[in-house]
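Visitor: Dropping the sequence and predicted coords here.
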Amino acid sequence: MGKRKVLSEEELKDLVLPDKGELLGRVIKLLGSDHLMVKCTDGKARLGRIRGKLKRRIWVRENDVVLVAPWEFKSDERCDVLWRYTVAQVDWLKVNNYLPKEL
């Protein structure tokens, strides 16, 4: 078992906006094993899971803004993390009213 490497954060330059059924959120706490607590824009805290496609590409830290998709089953408790935004992208989201100021 080797250490996981971030292969390329170059892909983060693309700005992914939330679609229907997706929310923005801020990472509250890292729980290990690719799980984390996310405070979503709808006011709920969900247990998030980093998708396998992103595990080796993007590192997620506390206070990062992420794009999440609530599960169809237990949608108030669980979600999948789809994307992590850079600092410049978070500023753009705030200016264009995608992200509330208090989040």
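Guide: Perfect, I can see it now. In this text, all values refer to a predicted model and were calculated from it rather than measured experimentally.

Visitor: How about the contacts made by residue 18?
Guide: By C-beta atoms under 8 Å, 6 or more residues apart in numbering, the residues touching residue 18 are 24, 67, 98. Yep, even glycine has a C-beta here, placed from its N, CA and C like the rest.

Visitor: Counting by contacts, list what whichever strand or helix holds the second one packs against.
Guide: The one in question is residue 67. If you go by DSSP states H and E, residue 67 is part of strand 65-70. For strand 65-70, the packing partners by 3 or more C-beta pairs under 8 Å, 6 or more residues apart in numbering; DSSP states H and E come out as strand 23-32, strand 35-40, strand 45-50, strand 78-84, helix 87-95.

Visitor: Report all helices and strands that the lowest-mean-pLDDT helix or strand in the chain contacts.
Guide: Ranked by mean pLDDT, DSSP states H and E, the helix or strand of the chain with the weakest confidence is helix 52-55, at a mean of 74. Secondary-structure packing of helix 52-55 (3+ C-beta pairs under 8 Å, 6+ apart): strand 78-84.

Visitor: which residues does the spatially most central residue of the chain form a beta bridge with?
Guide: Geometric centre of the chain, nearest residue: residue 66, 2.3 Å, by C-alpha atoms, centre = their mean. Beta-bridge pairing for residue 66 (DSSP bridges): residue 25, residue 84.

Visitor: is it true that it touches residue 25?
Guide: Yes: counting by C-beta atoms under 8 Å, residue 66 touches residue 25, with 5.7 Å between them.

Visitor: and for the two, which residues touch both?
Guide: With C-beta under 8 Å, 6+ apart as the test, residue 66 and residue 25 both reach 38, 48.

Visitor: follow-up on the earlier one: need the helices and strands packed on strand 65-70 in JSON lines with mean neighbour count, can you?
Guide: Shown next, in JSON lines, are those (neighbours: other C-beta atoms under 10 Å):
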{"stretch": "strand 23-32", "mean neighbour count": "16"}
{"stretch": "strand 35-40", "mean neighbour count": "19"}
{"stretch": "strand 45-50", "mean neighbour count": "20"}
{"stretch": "strand 78-84", "mean neighbour count": "21"}
{"stretch": "helix 87-95", "mean neighbour count": "14"}
